[in-house]
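S.K.: here is the input, now give the coordinates:
(4 chains)
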There are 2 protein chains.
Amino acid sequence: MLQRRIDDHAPPTREAMREAQDIFYRHLKRVGLKHTDQRDAILRTFLETRDHLSTDELFRLVRKKDAKIGFTTVYRTLKLLAECGLASMVPFPDGTTRFEHQFNRRSHHHMVCTECGASVEFFSPEVEKIEEDIGRKYRFDATRHNFQIYGICEDCRKPPRKVV
Amino acid sequence: MLQRRIDDHAPPTREAMREAQDIFYRHLKRVGLKHTDQRDAILRTFLETRDHLSTDELFRLVRKKDAKIGFTTVYRTLKLLAECGLASMVPFPDGTTRFEHQFNRRSHHHMVCTECGASVEFFSPEVEKIEEDIGRKYRFDATRHNFQIYGICEDCRKPPRKVV
DNA sequence: TTGAAAATGAAAATCAATTTCATTTAGGAT
DNA sequence: ATCCTAAATGAAATTGATTTTCATTTTCAA
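M.R.: As a prediction, the model looks like this:
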C-alpha cells in the first residue's frame, strides 16, 4: 500500500545522531554484544527515515549504502533498537509490523486513511495523560501506547470516482 | 501467548443475537451474497465470545458446534463481519490479527501486559472526543480507532522470579 | 423445478517473520 | 601485535499465519 506521509519531522542533526549511537552502544555493551559496521550503518539509515518502515523497506534503504548487508542483520538490529527504545513497533492494520524511530521525536499518534494509506501525525497531550491515568488505575507500569484513528481522507472522499 | 482477559462483558441476549443477525443478513443482501447455515453458526459462535480471537481460535470454537465447517469459511466470514461493523480487527503486538465483536459493546480500549499478555479493557470518553476532534481538524471522516496501552501488570512486576 | 451465481472446504500458495548453520569478525587477554 | 573465544553475519531453510485456488455443493430467484 502506498505510504504517503505528512508530518513535521526534520532530519537528525549530527549531534542527535551521535547521541542515538551512544544509547545504542551502551545498550550493546550492557547485554554483551559487539559493535559492528553493519549495526552502525543500519542505525544511521534508520534515523534518517521519517516513515513507518517495514523491515524489508529498511533493508532496501540500507542496501543502497552497503549492498553487502543482509536482510537478517537488519531484522535483528531492528529488534535491538526496539529493545533499547530507539525504535518502536507499530502493528499496522494490513498485518505488517512497522517501525519508526523514537529518537528526538515527540510522542505522537496517527490518523490513517483506510482507502489510500495516507497517514498524518498528530500530537495530543491528552493521550499521554490517559496513559498515565489508566496505568495508575489498573496498577500497570505503562511504558508506551499505540493510538491510531482510521478514516477516509478528504481526497478519497471527494471524487465520485471516475471509472476507467 | 496466554490470553487472560478481564472485562465486564455479559453474554448476548436472544434479542441482541437476533439484531446482530439482521445486520449481518442485510449486509449480505446488500452485496449480493447468500444466507448459509455456516455463516449463521459462525456469527452465533462469535457473538458468544468475549475475547480477542484469532481466526484459528474462532475456528476451533465453531468446530465444537459443527465439525464440518472449515477454516476457510470462518476466515471469510470474519472478513464479512468486519465489513459490516460487527467485528473489529485488533492488530496485536505479537503480530497476529485478532477480532472482537462490536455488537452491543461499549467502545473500549485495551491495556495489555507485554509480559503475560493479560489485557484489561478500559473506557474513556476522552478518547472518543479526541477521535472527533482530530478527524475534524484533518478533514478525515473518522470511522474507528485503535488504542492500546502497553505495560507490565502488577503480577509480572512483583516476583523476583523464582527460577526452577 | 431449475440454472446461474455463490459458497464451501481441502489443499496449495503466499508472504512476512524467524531460525539455522557454516563462515567471518570483534575485541579482550596475552 | 597476535591469539582466541564469543558473537555477528548472511544465505538459505523453516515456520506459521493468511490468502487463494479449484472442484464440488448449495442457495435462491425466476
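
S.K.: A:His101 reaches A:Leu81, doesn't it?
M.R.: Yes: using CB atoms under 8 Å, A:His101 and A:Leu81 qualify as a contacting pair, with a distance of 7.5 Å. Bear in mind the C-beta positions are built from the backbone N, C-alpha and C, glycine included.

S.K.: pull up the overlap in contacts between these two.
M.R.: Listed as contacting both A:His101 and A:Leu81 by CB atoms under 8 Å, 6 or more residues apart in numbering or on different chains are A:46, A:87.

S.K.: contacting residues for the residue of chain A found nearest DNA strand C?
M.R.: For chain A, the residue closest to DNA strand C is A:His35, as judged by CB to the nearest atom of the strand, at 3.1 Å. Shown in contact with A:His35 (CB under 8 Å, 6+ apart): A:25, A:28.

S.K.: surely A:Glu128 meets A:Ser107?
M.R.: Yes: applying CB under 8 Å as the test, A:Glu128 and A:Ser107 come out as touching, 6.2 Å apart.

S.K.: among those two, which residue is more densely surrounded?
M.R.: Per other CB atoms under 10 Å in any protein chain shown, whichever of A:Glu128 and A:Ser107 has more neighbours is A:Ser107, with 15 against 12.

S.K.: who touches that one in this structure?
M.R.: If a contact means CB under 8 Å, 6+ apart, then A:Ser107 has A:123, A:127-128 as its contacts.

S.K.: mind listing what's buried in the host helix or strand of A:Gly135?
M.R.: Element membership for A:Gly135 (DSSP states H and E) is helix A:125-138. Buried residues in helix A:125-138, counting neighbours by 16 or more other CB atoms under 10 Å in any protein chain shown, are found at A:127, A:130-131, A:134-135, A:138.

S.K.: what mean pLDDT does the very next helix or strand once past it get?
M.R.: Along the chain past helix A:125-138, the next helix or strand (assigned with DSSP H and E) turns out to be strand A:141-152. Strand A:141-152 shows a mean pLDDT of 88 in the predicted model.

S.K.: and stretch A:56-68, by the same measure?
M.R.: Taken as a whole, stretch A:56-68 has a mean pLDDT of 94.

S.K.: determine how far it lies from the middle of the whole chain.
M.R.: Between the centre of stretch A:56-68 and the centre of its host chain there is 17 Å, according to CA atoms, centre = their mean, to the nearest Å.

S.K.: and stretch A:76-84, by the same measure?
M.R.: 12 Å.

S.K.: touching chain B at all, that stretch?
M.R.: No: contact check for stretch A:76-84 against chain B, using CB under 8 Å from any CB of the partner chain: none in range, with a minimum separation of 10.6 Å.
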